[in-house]
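**Q** Would you be able to build a 3D model of this:
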Amino acid sequence: MENSEATMVRVSPRHEVLLALEYAELIEHPPEHDFVMRTITRREAQGLPLMSAEMVIAGKDTRQTFPLAEEYPMHFRKSYFPGRLHGDPKHEFDNQQRASEIVGTPPPIGWTKSSFRSCFVPGKPYSRLSPFGADPPEGNVPVAEEMELAKAVGLWWLCGQAFDQLNRLHAAGIAHGDMELHNIAVAPSPAEVVLLDFELAKNKNEMETDAWEKLVQADFAELLKEAVYLQCALGRQPGLMADMAMERIVELFTSPGRFQRHIRRQAAV
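**A** Residues are numbered from 1 along each chain as shown. Below is the predicted model of the structure:
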């Protein structure tokens, strides 16, 4: 039986979410201004707001201003308040638009001098799926030893997807600039990886060669650490991501030997 109290709503070119009836009404009959469904992040200093990130249903004024807000009325909105130093939202808009064209990141919706809007990607950040997070990093070796094979293989596949997208962005002259694992979204339907948050992205043609190479290397760092941990569970893997992780293991970890030995042993299991 169909759920008469919920409806499917498109939130990007490839994604839909099931929306409760009271929210769905706002999709069909929008208020004058944005309706905030949920606050994801809110930053303050001495009681004064600096930035808020929210899920909103676009109001009439937003839909008139940004054509894609009519197509995707439920979307992500980031707002900056006076007193908070921040980058140019147009810069983030332009770079996410380019990422959309290069690797299929859902497109941005619009920007003003104090706000940025983009499509919503349903799912979870990769950082919440990964079991690794021990400090010191060597503590992740026993975590890897206890992993189920299917989970390790699945996470390896997700990391590979993110790695490939980063490579394609770099080849097109864009560095992400903030490639932490929480900026990798994992969507269930369709099952895919989506890179998020291009606020700090940089363009190759605006940088010196040495600075560009350092930024590219930094983009890969967290994924390569994850690749080392997962190879502790799976054994040595083929491919560019695995090769790069092992080549850079000395710079990624202060005590790389334990990881190297365990990966060699695991490959023989």
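**Q** Next up, the contacts around Trp111.
**A** Residues near Trp111 by C-beta atoms under 8 Å, 6 or more residues apart in numbering: 89-90, 92-93, 117. Using the backbone N, CA and C atoms, a C-beta is placed for each residue, glycine as well.
**Q** Show me which pair in those residues is furthest apart.
**A** Lys90 and Arg117 (12.2 Å; C-beta to C-beta).
**Q** If you rank the contacts of Trp111 by neighbours, which is first?
**A** In terms of neighbour count, Arg117 stands highest of those at 25 neighbours, by other C-beta atoms under 10 Å.
**Q** So that one belongs to a helix, correct?
**A** No. Secondary structure of Arg117 (DSSP: H, G, I helix; E, B strand; the rest coil): strand, not part of a helix.
**Q** how about it, what does it touch?
**A** Arg117 neighbours (C-beta under 8 Å, 6+ apart): 62, 66, 69, 75-78, 108-111.
**Q** can you check Ile27 too?
**A** Per C-beta under 8 Å, 6+ apart, neighbours of Ile27: 9, 19, 57, 73-74.
**Q** For the helix or strand containing Asp210, give the mean pLDDT please.
**A** Take DSSP states H and E as the rule and Asp210 turns out to sit in helix 209-234. Helix 209-234 comes out with an average pLDDT of 97.
**Q** ditto for stretch 66-75
**A** The average pLDDT within stretch 66-75 is 97.
**Q** Tell me, how many residues neighbour Ala191?
**A** 12.
**Q** For it, give its distance to Gly257.
**A** 36 Å (C-beta to C-beta, to the nearest Å).
**Q** cool, Pro188 as well?
**A** Separation of Pro188 from Gly257 (C-beta to C-beta): 38 Å.
**Q** before we move on, what about Gly139?
**A** Counting by C-beta to C-beta - Gly139 and Gly257 are separated by 15 Å.
**Q** now do Ala134
**A** Ala134 is 17 Å from Gly257, where distance means C-beta to C-beta.
**Q** now do Ile57
**A** Here the distance between Ile57 and Gly257 works out to 53 Å (C-beta to C-beta).
**Q** Glu16 now?
**A** Between Glu16 and Gly257 the distance is 48 Å, computed by C-beta to C-beta.
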